[in-house]
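1. Predicted model follows, preceded by the sequence.
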Amino acid sequence: MPLNIPNLLTWARILLIPLVVGVYYLPLSSTEQNFIATAAFLIAAVTDWIDGWLARKLNQTSAFGAFLDPVADKLMVAAALVVLVRLDRADVMLAFIIIGREIAISALREWMANIGAAKSVAVSFIGKLKTIAQMTAIPMLLWHTPIGPLDMHLLGTAALWIAALLTLWSMAYYLRKAWPEISARNR
């Protein structure tokens, strides 16, 4: 495992997960809990972008970093969604759709890589849109409290619905790309 700045940022993202979850078990006011969880999630989201940018800029990309980065993202999103369901701020079915898709597509990518067809399920534009929708919805729902006239819960819920729809769309896209390999191996 190469120890470089991008990989250290990815590890930092993973280390923020217990904070996002655990803060809701601390004897703090709900405002303090929401602030800490939202700040930790936003820091993780920003470091996700920064570590990829730095890896390319500093020529520090690695196979381990390429593996760990999406794992960190999926763990952070799944942990935040579980917290939001527990707090009754997110619908369990939306969380299931998003988490289930992440597991299914990760397994599909691993299988495609094993058969030498990983490029056919490389990250697509729709997958990036899905991530943007998730990274918009989750902080709004963690924050929960209105900001002036903006109802963060309502906006976050709408964004989570958009994320779930994009999740299904991207899953269909990846399955369609993989279908020739899937059908060829099931004959």
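-> Thanks, I have it.
2. Low-confidence ranges, the chain, go.
-> 1, 187 (pLDDT under 70).
3. Try it again at 90.
-> 1-3, 49, 52, 62-67, 109-124, 127-128, 177, 180-187 (pLDDT under 90).
4. Tell me where it has helices.
-> Secondary structure of the chain (DSSP state H): helices at 5-22, 30-57, 63-86, 92-114, 125-143, 152-185.
5. tell me what the second one is packed against?
-> Where contact means 3 or more CB pairs under 8 Å, 6 or more residues apart in numbering; DSSP states H and E, helix 30-57 is packed against helix 5-22, helix 63-86, helix 125-143. Glycine gets a C-beta too; all of them are placed from N, C-alpha and C.
6. can I get these in TSV with distance to residue 176 and mean neighbour count?
-> Shown next, in TSV, are the helices and strands packed on helix 30-57 (distance: least, CB to CB, whole Å; neighbours: other CB atoms under 10 Å):
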stretch	distance to residue 176	mean neighbour count
helix 5-22	30	18
helix 63-86	20	18
helix 125-143	11	21
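7. Now render those helices as JSON lines, adding distance to residue 48.
-> Shown next, in JSON lines, are the helices and strands packed on helix 30-57 (distance: least, CB to CB, whole Å):
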{"stretch": "helix 5-22", "distance to residue 48": "6"}
{"stretch": "helix 63-86", "distance to residue 48": "6"}
{"stretch": "helix 125-143", "distance to residue 48": "8"}
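8. and of these, who's closest to residue 115?
-> Closest of the helices and strands packed on helix 30-57 to residue 115 is helix 63-86, at 17.8 Å (criterion: CB to CB).
9. which residues are contacting the closest one?
-> 1-2, 4, 6-7, 10-11, 13-14, 16-17, 20-21, 24, 37, 41, 44, 48, 51-52, 55, 90-92, 95, 98-99, 102, 106, 131, 134, 138, 141-142 (CB atoms under 8 Å, 6 or more residues apart in numbering).
10. ok, now with 6 Å
-> 1, 6-7, 10, 13-14, 17, 20-21, 41, 44, 48, 55, 90, 92, 95, 99, 102, 134, 138, 141 (CB atoms under 6 Å, 6 or more residues apart in numbering).
11. same check, this time on stretch 32-41
-> With CB under 6 Å, 6+ apart, stretch 32-41 has contacts from 16, 19, 20, 23, 24, 80, 138, 139, 142, 143, 144.
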